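Asks: here is the input, now give the coordinates:
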Amino acid sequence: MNATADTFDRPAISLVGRARIALRILAMLMLLVACVPLYYLWRILHLHNPWPRIFLGGIARVADARVRIEGAPARKGAFLLANHVSWLDIPVISGASGSAFVAHSGLADVGLLKWLCEMNDTVFVARHDRRSVHTQVEQVRAALTDTGALTVFPEGTTSDGLSLLPFKSSLLSALDPPPPGIAIQPVWLDYGPDVARMAWVGEEHGLDNFLKILARRRSVPVTVHFLPPLTADESINRKVMATAARERIITAMSGAR
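Replies: Just a heads-up that it's a prediction; the model follows:
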């Protein structure tokens, strides 16, 4: 789902752009075929499983994302609160941090997506079912134990990347209070001056955004800013967390302009 804006006019993709799409999708499928058997082998051997991170980081590289990292994720485990611009956010963040993700429960209805998400310890959240909060808390803690990081997009949808939508504190219910020893860390994904061409907004279909990025001739510059974790006072409850994290990202965005 994406933020409401003007009606989207689907751009025409050139023949060369379509060739890039085909080659990049083929590369992604080859990457998937290589990583899946290794993922299950590591799982059988009960080893720490790096293959979801390797796969997703590889997807970012296939899409020609040129990722630069500022700061660092908290070493002892972190819950990352990030702005949301495009589908590319997920492979970029995972490649940079090894993070799992919190996703809307609707994705669990799509067989292939559910399978891929579960391999990366995705926590599916039923946003309007308060009875599931206890289960979500346990899933969050399990995902953090396995991956060391878990990302949520508190805007609840994608935005234009130039501004920040209000953060929905309800998406942080499973962190109220935060698990002991887990940092709450804001993350700003900065696509630079080309962000408008990357953003998934308006009535653009998700598939169109996916194909548009894969058709690009130019690389995709993106800087992942791991901002300072929230203090104890900024983490006392989910509403305070949401406000403090949003203000920290807005400050970083303003300072870069």
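
Asks: sec struct for residue 189, please.
Replies: strand (DSSP: H, G, I helix; E, B strand; the rest coil).

Asks: so who does it touch?
Replies: By Cβ atoms under 8 Å, 6 or more residues apart in numbering, the residues touching residue 189 are 82-85, 89, 92-93, 161, 222-225. Glycine gets a C-beta too; all of them are placed from N, C-alpha and C.

Asks: show me the helices in the stretch 51-200 of the chain, by range?
Replies: 51-62, 89-97, 111-119, 133-147, 195-198 (DSSP state H, counting those that start in this stretch).

Asks: quick one: average confidence on the second one?
Replies: When you say that, I think you mean helix 89-97. Here helix 89-97 scores 93 as its mean pLDDT.

Asks: contacting residues around it?
Replies: Counting by Cβ under 8 Å, 6+ apart, 52-53, 56-61, 63, 65, 67, 69, 73, 78, 80, 82, 99, 101, 120, 149, 151, 153, 187, 189, 222, 224, 226 sit against helix 89-97.

Asks: surely residue 46 is in a helix?
Replies: No - using three-state DSSP, the secondary structure at residue 46 is coil, not a helix.

Asks: quick revisit: quickly, which of the helices of the stretch 51-200 of the chain bottoms out on average pLDDT?
Replies: helix 133-147 (a mean of 64).

Asks: C-alpha coordinates for stretch 152-161, CSV please?
Replies: Output of stretch 152-161 as CSV, limited to C-alpha atoms (Å, rounded to 0.1, in the frame of the first residue of the first chain):
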residue,chain,number,x,y,z
VAL,A,152,9.2,-1.6,11.0
PHE,A,153,8.0,1.2,8.7
PRO,A,154,6.0,3.3,11.2
GLU,A,155,4.5,5.5,8.5
GLY,A,156,2.4,2.4,7.6
THR,A,157,2.8,3.1,3.9
THR,A,158,5.3,4.5,1.4
SER,A,159,5.8,8.3,1.0
ASP,A,160,7.6,10.6,-1.5
GLY,A,161,10.9,10.5,0.4
